[in-house]
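Trainee: Let me see the structure of the following:
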Amino acid sequence: MTEPVNPWTWQERFGYSQAWRVDGAESLVVVAGQGPIAADGSLVGAGDFEAQARRTFENLRTVLEAAGTSFAGLVSTTTYLTDVTRARDLGRVRAEFVTGPPPAGTVVGVTGLAVPGMMLEISAIAVR
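Mentor: Residues are numbered from 1 along each chain as shown. This next block holds a predicted model:
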């Protein structure tokens with residue numbers, strides 16, 4: 001059983017939960033940083049933040065499903081942005097993929113990522 005833990009309500013404006021309590025999970029899935037990378041390893045959406053964000057969530061969904069879970073099992077994310085002012089844009093795209101109570105989350109501003117031109121990367125923890 002998973003349950004969001006939110007002693008306040010202000011985080012709802014930002015689309016995340018303070019914590020998740022997980023009881024009796026069958027498995028824990030720890031997902032490496034996912035970015036806007038095509039199946040052939042090439043960058044998707046050069047210079048287009050929303051295209052990169054959508055591809056990143058598509059890749060995250062693919063990995064979660066391959067591990068036997070889904071966005072419904074997502075309990076935590078860490079998002080790295082090369083421009084933290086895009087956090088609201090990220091939230092808008094995330095809402096297209098993640099419905100229900102949002103995972104616990106952290107957003108970190110960085111000067112660069114592993115693949116030149118990447119504007120974001122998301123690592124995650126999910127349960128199944």
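
Trainee: State the pLDDT value of Ala38.
Mentor: The model reports Ala38 with a pLDDT of 96.

Trainee: for Ala25, that is, sorry about that
Mentor: 77.

Trainee: Surely it and Val127 touch.
Mentor: Yes - Ala25 sits in contact with Val127 when judged by Cβ atoms under 8 Å, with a separation of 3.9 Å. No exception for glycine: its C-beta is placed from N, CA and C like everyone else's.

Trainee: Please enumerate the shared neighbours of these two.
Mentor: Listed as contacting both Ala25 and Val127 by Cβ atoms under 8 Å, 6 or more residues apart in numbering are Thr2.

Trainee: Can you list the buried residues in stretch 71-81?
Mentor: 71, 73-77, 79-81 (16 or more other Cβ atoms under 10 Å).

Trainee: swap that for stretch 39-48, please
Mentor: Using 16+ other Cβ under 10 Å as the burial criterion, the residues of stretch 39-48 that qualify are 43-45.

Trainee: Of those, which is the nearest to Gly117?
Mentor: Gly117 lies nearest to Leu43 out of those, by Cβ to Cβ, at 5.0 Å.
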